[in-house]
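In: predicted model, plus sequence, below.
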Amino acid sequence: MSAKKSARSSHAEKGMSQAARYFKHPLALVESDEVGEGTRVWAWAHVMDGAKVGKDCNIGEHCFLESGSSIGDRVIVKNHVCIWEKVTVDDDAFLGPNMIFTNDPNPRSGFRRPFVATFVRKGASIGAGAIIVCGNTLGEYCSVGAGAVVTKDVPDYALVYGNPARQHGWVCRCGLKLEFTDDKARCSCGRDYISDGMAIRPIGAEGDCMEPQLNADERG
Ligand SMILES: CC(C)(COP(=O)(O)OP(=O)(O)OC[C@H]1O[C@@H](n2cnc3c(N)ncnc32)[C@H](O)[C@@H]1OP(=O)(O)O)[C@@H](O)C(=O)NCCC(=O)NCCS
Ligand SMILES: [Zn+2]
């Protein structure tokens, strides 16, 4: 077999196995060859070449994932979310419907400057319609309320909302709000936390954390 033919058939095999490994709605446009196993891409979503998508993600209708963006495993991307170049979303994050990322702090037609990165850390949730000004990091398991405008880094486990977003307490890994007494909190899900006044961290058996369950019927 010629080298050219061999390259062609290996490409075809790769494409076939990828098609079998994840679900692409017939009306979705997936140009990336880096979409993980078990991921579902729903109608009218567009995943550009060079966009990275992990395993078991859900990409809702009308989403757009640009070249140079990256999302980890088990990320839920609700409908109408654009993930631009330089946006990195870690495992288990939740991007609410119509939330907005940015990547240019001083946009101006005709002037091209390097884009500015945004990071969404593991397990973080972003509420519907929230706007994330670029250059900021949303910490692990934080929650951003609906309609918030995030202009600063968000600490791990922090609950923020409003415009500009301000911190209004802490949330558990499961997403529920925590109430602290004497620097300790127990969530109704059973997880325990300790606070040093500036930050909180889980204590006890961390390994027993509830794994997120994707709803098989979820369509964006
Ligand atoms: C922020 C949130 C988690 C609630 O947090 P909370 O601290 O329990 O807030 P409460 O409901 O106790 O409300 C406390 C105050 O904050 C206000 N508030 C609540 N959510 C707010 C928000 N997103 N933005 C601005 N203010 C908000 C309430 O009106 C209330 O104000 P008041 O004290 O003047 O009456 C919730 O409102 C939210 O935004 N969830 C995200 C929902 C979402 O987008 N889901 C996406 C998937 S569908
Ligand atoms: Zn909890």
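Out: Arrived safely. Ligands and ions are numbered 1, 2, ... in the order given.
In: what residues does the chain have near ligand 1?
Out: Gly96, Gly127, Ala128, Ser143, Gly145, Ala146, Gly147, Leu159, Tyr161, Gly162, His168, Lys177 (Cβ under 6 Å from any ligand atom). For every residue, glycine as well, the C-beta is placed using N, CA and C.
In: so, low pLDDT: which residues of the protein?
Out: Where the chain drops to pLDDT under 70, the residues are 1-20, 205-220.
In: can you do 50?
Out: 1-17, 207-217, 220 (pLDDT under 50).
In: kindly report the residues of it close to ligand 2.
Out: Cys172, Cys174, Leu176, Cys187, Cys189, Arg191 (Cβ under 5 Å from the ion).
In: now, the most widely separated pair of those?
Out: Using Cβ to Cβ, the pair of the residues of the chain next to ligand 2 lying farthest apart is Leu176 and Arg191, separated by 9.4 Å.
In: who has more neighbours, those two?
Out: Applying other Cβ atoms under 10 Å to Leu176 and Arg191 shows that Arg191 carries more neighbours, namely 21 against 14.
In: thinking again about what came up before, just the residues of the chain next to ligand 1: which are in strands?
Out: Judged by DSSP state E, the subset of those located in strands is Ser143, Leu159, Tyr161, His168, Lys177.
In: which among these count as buried?
Out: Buried members of those, scored by 16 or more other Cβ atoms under 10 Å, are Ser143, Leu159, Tyr161.
In: bridge partners for the second one, pull those for me.
Out: As for beta bridges, Leu159 partners with Ser143 under DSSP bridges.
In: right, and it touches Val171 too?
Out: Yes - counting by Cβ atoms under 8 Å, Leu159 touches Val171, with 4.9 Å between them.
In: intersection of neighbour lists for these two?
Out: Residues touching both Leu159 and Val171 (Cβ atoms under 8 Å, 6 or more residues apart in numbering) are Cys142, Ser143, Lys177.
In: now the first one: how far from Glu179?
Out: The spacing between Cys142 and Glu179, counted by Cβ to Cβ, to the nearest Å, is 17 Å.
In: those two - which one has more neighbours?
Out: Cys142 (26 against 10).
In: got a list of what Pro26 touches?
Out: Ala43.
In: likewise for Val133?
Out: Taking Cβ under 8 Å, 6+ apart, we find Val133 in contact with Thr102, Pro105, Val149, Val150, Thr151.
In: I'd like to know which of those are buried.
Out: Looks like the contacts of Val133 have Thr102, Val149, Val150 buried, using 16+ other Cβ under 10 Å.
In: not counting sequence-adjacent ones, nearest residue to the second one?
Out: Taking Cβ to Cβ, 6 or more residues apart in numbering as the measure, Val149 lies nearest to Asn163, with 4.1 Å between them; neighbours along the chain are not counted.
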